[in-house]
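Engineer: just need the structure, nothing else, for what follows:
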Amino acid sequence: MPMRIVATIAHMRGQLYQIIAAGKTVSILLTFHALERIVQWRLTVEGVLQTLLFPEEVLRGHRGRFIAHRRSHTHVVRVIYEYEDRLPVVITVYYPSAQRYFQGNGIYEDHLLS
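Structural biologist: Take a look at the predicted model:
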């Protein structure tokens, strides 16, 4: 699905991205930690945002957090996020084996674009 980053704004906790996708404007905060992990795993900000906006599944994590998954070859982009007020905040990102984490049951515990 197409998406377009229309603005990037410095935030005290990281970078706030404003995105247009599926005819909607969405703001998502990537924390400094998440941005560091994107570099560490050699991912792209666009790929992580794509995972959040168009996941293959979203699971419920610990402490009210959500985990968005999108497969890439034999791995899965795994994005851990929560809400502060109504703003999605990405806590961390990693790129483990899909065999270990991807459930493939079409589970959607959350939808950012709904």
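Engineer: number of nearby residues for residue 67?
Structural biologist: If you count neighbours by other Cβ atoms under 10 Å, residue 67 ends up with 19. (C-beta placed from N, C-alpha, C; glycine too.)
Engineer: so residue 109 versus residue 59, what's the distance?
Structural biologist: Distance, residue 109 to residue 59, using Cβ to Cβ, to the nearest Å: 6 Å.
Engineer: who's more crowded, the two?
Structural biologist: Just comparing residue 109 and residue 59: by other Cβ under 10 Å the higher neighbour count belongs to residue 59, 20 against 12.
Engineer: right, and that one touches residue 108 too?
Structural biologist: No: if you go by Cβ atoms under 8 Å, residue 59 and residue 108 don't touch, sitting 9.2 Å apart.
Engineer: coming back round to it: what do residue 109 and residue 59 both touch?
Structural biologist: residue 66 (Cβ atoms under 8 Å, 6 or more residues apart in numbering).
Engineer: listing partners with orientation, what would you give for the helix or strand hosting residue 88?
Structural biologist: Assessed by DSSP states H and E, residue 88 sits inside strand 87-94. As defined by DSSP bridges, the strand partners of strand 87-94 come to strand 24-31 (parallel), strand 75-84 (antiparallel).
Engineer: just the ones you listed: most buried one?
Structural biologist: Mean neighbour count (mean count of other Cβ atoms under 10 Å) peaks for strand 75-84 among these, with a mean of 20.
Engineer: show residues contacting it.
Structural biologist: Outside strand 75-84, the residues that touch it by Cβ under 8 Å, 6+ apart are 29, 34, 43, 47-48, 51-52, 55, 61, 63-71, 88-98, 101-102.
Engineer: do that again at 7 Å, thanks
Structural biologist: Outside strand 75-84, the residues that touch it by Cβ atoms under 7 Å, 6 or more residues apart in numbering are 43, 47-48, 51-52, 61, 64-70, 88-98, 101-102.
Engineer: now do stretch 56-67
Structural biologist: Applying Cβ under 7 Å, 6+ apart, the set of residues contacting stretch 56-67 from outside is 68-71, 78, 80-82, 91, 103, 105-110.
Engineer: packing partners for the least confident helix or strand in the chain by mean pLDDT?
Structural biologist: For the chain, using mean pLDDT, DSSP states H and E, the weakest element among its helices and strands is helix 98-101, scoring a mean of 84. With contacts defined as 3 or more Cβ pairs under 7 Å, 6 or more residues apart in numbering; DSSP states H and E, helix 98-101 has these neighbours: strand 75-84.
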